[in-house]
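Engineer: Let me see the structure of the following:
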Amino acid sequence: MVRRHWTYPTRPRGRPPVPDQLQSLIVRLATENPRWGYQRIRGELLRLGYRVSASSIARVLRANGLQPAPRRAATSTTWRSFLRRQAAGILACDFLTVDTVFLQRLYVLFFIQLHNRRVHLACVTANPTGAWVAQQARNLLVALDEQTTVVRFLLRDRDSKCTRAFDDLWRAVGAKVIRTPIQAPNANAIAERWVGTVRRECLDHLLITGRRHLLRVLHGYVQHDNRHRPHRSLDLSAPEQSARQGMAEPPAAAWQRHRCEVLGDLIHEYERAA
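Structural biologist: Below is the predicted model:
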């Protein structure tokens, strides 16, 4: 009885634990801002009304497997993350070669916007000179200006057909021309991937007879690719969302669909029946 009477209440020693919700907020700030250090995160928390020491922030980040700011920023600054941050102003271009049934090689110049994967088909020719390539760039710049599209970077390979006049056209509108390294197709991976897609889904199944035939086929496929074909990088939506996409699902009795044929019977598109 005496021992129980003279026992003093014990109090926890040290700093109080950081609440779980505040820990989640610290992890979120560090993840979304990889260049922020402990003091920078502490200052942001103070602005939000939370008083946490820098050592507690460091302890929370270590417990969640997050490194200090210099290492965390170095791991986040990759080529993929750079493209995602700058994609809204990046335009890539490349050539696609097609051999006809008469063994004539045709060259297709195309451009693709990285942020929405929209393809701009320039033109088709059997003799792509520097003047011809520059003229196609001039035509595209007029179209982009009408759409109020701002290009900050042009990504291209080191093809000799892209002359200084071609680059000067883009520099005149404030765009920086970035040339990919030699024999490095992954540096222009989105354009290279589109070349493979158009071959697998379209050109490998057709016999091209000439320039006009190829131009007609590619116009049909590009229209399908921009307006209807789902893209995984766009959450399975098309670059140009039509008015029908995103509408509320109709009643169960209206599940009928209408099939549209593109390029003969090669590609099928499905729309809701009226």
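Engineer: ok, the closest residue to P239 other than its chain neighbours - how many residues close by?
Structural biologist: The shortest distance from P239 to any non-neighbouring residue, by Cβ to Cβ, 6 or more residues apart in numbering, is to R118 (4.1 Å). Bear in mind the C-beta positions are built from the backbone N, C-alpha and C, glycine included. Using other Cβ atoms under 10 Å, R118 has 19 neighbouring residues.
Engineer: so R118 makes contact with A238?
Structural biologist: No - judged on Cβ atoms under 8 Å, R118 makes no contact with A238 at a distance of 9.3 Å.
Engineer: Let's test this: mean pLDDT of stretch 131-145, rounded?
Structural biologist: Mean per-residue pLDDT for stretch 131-145: 95.
Engineer: Likewise for stretch 232-246?
Structural biologist: 70.
Engineer: and if you look at stretch 64-71?
Structural biologist: 76.
Engineer: repeat for stretch 264-271
Structural biologist: Here the average pLDDT along stretch 264-271 is 76.
Engineer: Over to stretch 172-192?
Structural biologist: 91.
Engineer: just use 18 as the starting number from now, easier for me
Structural biologist: All right, first residue 18 from here; so that's stretch 189-209.
Engineer: end to end, how far does that stretch reach?
Structural biologist: When the termini of stretch 189-209 are compared using Cα to Cα, to the nearest Å, they are 27 Å apart.
Engineer: hmm, back to that, any idea how far Q40 is from the residue nearest to P256?
Structural biologist: Applying Cβ to Cβ, to the nearest Å, the value for R135 to Q40 is 42 Å.
Engineer: try E163
Structural biologist: 51 Å.
Engineer: Between those two, which is the more surrounded one?
Structural biologist: Legend: neighbour count by other Cβ under 10 Å for E163 and Q40, higher for Q40 (19 against 8).
Engineer: the strands in this protein, which residues?
Structural biologist: Using DSSP state E, the strands of the chain run over residues 107-116, 122-130, 136-142, 170-173, 193-196, 274-279, 284-289.
Engineer: Any chance of those strands in a markdown table with mean neighbour count and distance to T214 as columns?
Structural biologist: Below are those laid out as a markdown table (neighbours: other Cβ atoms under 10 Å; distance: least, Cβ to Cβ, whole Å):
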| stretch | mean neighbour count | distance to T214 |
| --- | --- | --- |
| strand 107-116 | 19 | 11 |
| strand 122-130 | 20 | 11 |
| strand 136-142 | 19 | 10 |
| strand 170-173 | 21 | 18 |
| strand 193-196 | 14 | 23 |
| strand 274-279 | 11 | 15 |
| strand 284-289 | 13 | 12 |
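Engineer: between those, which one is nearest to A182?
Structural biologist: strand 193-196 (11.9 Å; Cβ to Cβ).
Engineer: Walk me through which strands the closest one pairs with, and which way each runs.
Structural biologist: strand 170-173 (parallel) (DSSP bridges).
Engineer: now stretch 233-247: how far from the chain's centre is it?
Structural biologist: Here stretch 233-247 is found 19 Å from its chain centre; the criterion is Cα atoms, centre = their mean, to the nearest Å.
Engineer: Now do the same contact list for V44.
Structural biologist: With contacts defined as Cβ atoms under 8 Å, 6 or more residues apart in numbering, V44 is in contact with 77-78, 81, 83.
Engineer: one step back: contacting residues for the residue nearest to P256?
Structural biologist: Here R135 is in contact with 129, 243, 256-257 (Cβ under 8 Å, 6+ apart).
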